[in-house]
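> Below are the sequence and a predicted model; questions follow.
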Amino acid sequence: QVQLVESGGGLVQAGGSLRLSCAASGRSFSNYNMGWFRQAPGKEREFVAAISASGTNTYYADSVKGRFTISRDGAKNTVYLQMNSLKLEDTAAYFCAANVRFPSSTRRSVAYDYWGQGTQVTVSS
């Protein structure tokens, strides 16, 4: 069992930056592939980024590649999402999630077993 708590969301102007954090508690955090997803009002939840359990491999949606960076700190049981050059279309609730059953490259939300409550990111013009 893993509990996930996101933080770091807020209101930012277009072109600005935010860093989201996802603190994990429970056992065997180092065994979990971790991902970030987002959901805007009226839209389906979509994949943003993922990182393997070892931290070696990372994956990004085309829409955020080159602007967002996912990382993890095993000593702190925390996953981060550094978001730069934010755009209006990045506005959404952001969720972190843990996956132990499927490859870290998976982008399907159904592959993830544990989810945080989400943190809101609002990008203004």
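Good, I have the coordinates.

> And the pLDDT for the closest residue to residue 55 other than its chain neighbours?
Sequence neighbours aside, residue 72 is the residue nearest to residue 55 in space, at 5.2 Å (criterion: CB to CB, 6 or more residues apart in numbering). In this view, the C-beta of every residue, glycine as well, is placed from N, C-alpha and C. Predicted confidence (pLDDT) for residue 72: 97.

> which residues does residue 72 bridge with?
When bridges are assigned using DSSP bridges, the partners listed for residue 72 are residue 79.

> Using the three-state scheme, assign residue 30.
The three-state assignment at residue 30 reads helix, by DSSP: H, G, I helix; E, B strand; the rest coil.

> sorry, back to before: could you check how far the residue nearest to residue 55 is from residue 12?
Summarising the geometry, the distance separating residue 72 from residue 12, computed by CB to CB, to the nearest Å, is 23 Å.

> Among those two, which residue is more densely surrounded?
Set side by side, residue 72 and residue 12 give different neighbour counts by other CB atoms under 10 Å, the larger being at residue 72 (23 against 17).

> Now do the same contact list for the residue nearest to residue 55.
34, 51, 55, 78, 79, 80 (CB atoms under 8 Å, 6 or more residues apart in numbering).

> Nearest to residue 101 among the residues you listed?
Using CB to CB, residue 34 is the member of the contacts of residue 72 that sits closest to residue 101, with 13.4 Å.

> Please, which helix or strand holds the closest one?
Secondary-structure element containing residue 34, defined by DSSP states H and E: strand 33-39.

> quick revisit: mind putting the contacts of residue 72 into CSV with pLDDT, neighbour count and distance to residue 111?
Formatted as CSV, the entries for the contacts of residue 72 read as follows, by pLDDT from 0 to 100; neighbours: other CB atoms under 10 Å; distance: CB to CB, whole Å:
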residue, pLDDT, neighbour count, distance to residue 111
34, 97, 29, 12
51, 98, 23, 14
55, 94, 16, 19
78, 96, 18, 21
79, 98, 29, 16
80, 98, 20, 21
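
> what helix or strand does residue 20 sit in?
Assigned by DSSP H and E, residue 20 belongs to strand 18-26.
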